[in-house]
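Asks: kindly return the folded structure for what I paste below:
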Amino acid sequence: MNKLYKGLLLAGALTVPTLAIADECTNRGVLDDRYCDENNDLVADSPKDPEQWRDPSTLVFTYTPVEDPAVYKDAFKDFQEHLSKVTGKRVVYYTVHSNSAQVEAMRSGRLHIAGFSTGPTGYAVNLAGYVPIAVKGTAEGFQGYNLITITRKDSGIDEMADLKGKKVAHTSASSNSGNLAPRALFPAQGIVPDKDYKVLYSGKHDQSILGVFNGDYDAAPVASDVYDRMVAADRVDDENIKIIYRSPKFPTSAFGYANDLNPELVKKIESAFSTYRFTPEMSATFKGADRFAPITYKQDWGVIRDIAHATGTAYTKAGLQKLAEQNAAKKAAKKAAALAAEK
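Replies: Numbering: from 1, shown residues only. Predicted coordinates:
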């Protein structure tokens, strides 16, 4: 399927009207016009008309495509079995390769339960009727991470102001810690991205980290949990890296369901998340988390929405379309580079 056709599919999925809500909606907030938020919790309500409730025989689940999808498919295998037992449904894993494709899959009804990375969660909530209910965590609460700025110890960069005129790698346009948060938080540290330094997009957190380690970039803002995993896996030596900035704690990927699932099924899904305890292997994959800790989008995603607002990021159809185009451009550039290398 060529990229133009994929783009048309996405655009069509974002514009095709759906069944109207049974009764007139008195409050929608910033949600897409196919959803209603009359309880003011900032996420889509369950449809008022029971005829619009879905109760599929097979539940489709996926996790954020930020890193290697195959790794996470294996990591969630035991949870999927637990989810299947609690709901009485067959559960299958659906691999997605971009944030925009994941949002579109839920909006179109092809995806029922998912883990969305921090930044794109807002797109999923506003455009796809996504209802976040949990984050990986422990008995003490949800697991979080920080935006950190890393540089080599021999770089001569000791504080944020030293980044002026340097080669600084952000990850991708939609990434919270890799792009949105730096644009919102760095000005208070005396440094403004794209003004004091030119933003160079690496594509992923691990590529930013390796780029700094290998000297391709002078510095990079990245997610602390990704950095810690790479150090633990000996992919980089932290003896050569220093952290010059650390932000307040952000929530990690959100887990939740599509708003139009049958309320009785939703109760079972919520029970599956609340009763599940991670296997040792899954806990190791997710930095010691041993369960899904409850969250609410209205409260726990407040700082993320503030960052989006400060950076002019709109969780709208146009914003998602722009994200899809950026993803397509990156894939095209990567394919062109690979073909050039073969010649």
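Asks: for stretch 320-339, buried residues please.
Replies: Applying a neighbour-count criterion of 16 or more other C-beta atoms under 10 Å, one finds 320-324, 326-328 buried in stretch 320-339. Quick note: C-beta positions are derived from backbone N, CA and C, even for glycine.
Asks: what helices or strands is the helix or strand where F292 lies leaning on?
Replies: Secondary-structure assignment from DSSP states H and E places F292 in strand 291-294. Applying 3 or more C-beta pairs under 8 Å, 6 or more residues apart in numbering; DSSP states H and E, one finds that strand 291-294 contacts strand 130-138, strand 141-142, helix 263-275.
Asks: for A220, find the nearest of the ones you listed.
Replies: Ranking these by proximity to A220 (C-beta to C-beta) places strand 130-138 first, at 23.9 Å.
Asks: next one: the strand holding F292 to chain centre, how far?
Replies: Put simply, strand 291-294 sits 17 Å off its chain's centre (C-alpha atoms, centre = their mean, to the nearest Å).
Asks: average pLDDT across it?
Replies: Average pLDDT, strand 291-294: 96.
Asks: so which bits of that strand are buried?
Replies: Using 16+ other C-beta under 10 Å as the test for burial, strand 291-294 gives 291-293.
Asks: which SS class is D78?
Replies: Following DSSP: H, G, I helix; E, B strand; the rest coil, we place D78 in the helix state.
Asks: leaving out chain neighbours, which residue sits closest to it?
Replies: T279 (5.0 Å; C-beta to C-beta, 6 or more residues apart in numbering).
Asks: hang on, the earlier thing: mind checking which of the buried residues of stretch 320-339 are in helices?
Replies: 320-324, 326-328 (DSSP state H).
Asks: quick one: which of the residues you listed is nearest to D218?
Replies: Checking those against D218 by C-beta to C-beta gives Q326 as the nearest, at 23.7 Å.
Asks: so that closest one is in contact with S172, correct?
Replies: Yes: counting by C-beta atoms under 8 Å, S172 is a contact partner of Q326 at 7.3 Å.
Asks: kindly provide the whole-number mean pLDDT of stretch 53-64.
Replies: For stretch 53-64, the mean confidence score works out to 97.
Asks: in it, which residues are buried?
Replies: Within stretch 53-64, judged by 16+ other C-beta under 10 Å, the buried ones are 53, 59-64.
Asks: how about these in TSV, adding distance to A284 and secondary structure?
Replies: Converted to TSV, the buried residues of stretch 53-64 look like this (distance: C-beta to C-beta, whole Å; DSSP: H, G, I helix; E, B strand; the rest coil):
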residue	distance to A284	secondary structure
W53	38	coil
L59	26	strand
V60	26	strand
F61	21	strand
T62	21	strand
Y63	16	strand
T64	18	coil
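Asks: could I get those residues as CSV with distance to P47?
Replies: CSV is the format used below for those (distance: C-beta to C-beta, whole Å):
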residue, distance to P47
W53, 6
L59, 18
V60, 19
F61, 21
T62, 23
Y63, 26
T64, 26
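Asks: farthest pair within the residues you listed?
Replies: Using C-beta to C-beta, these span at most 26.6 Å, a distance reached by W53 and T64.
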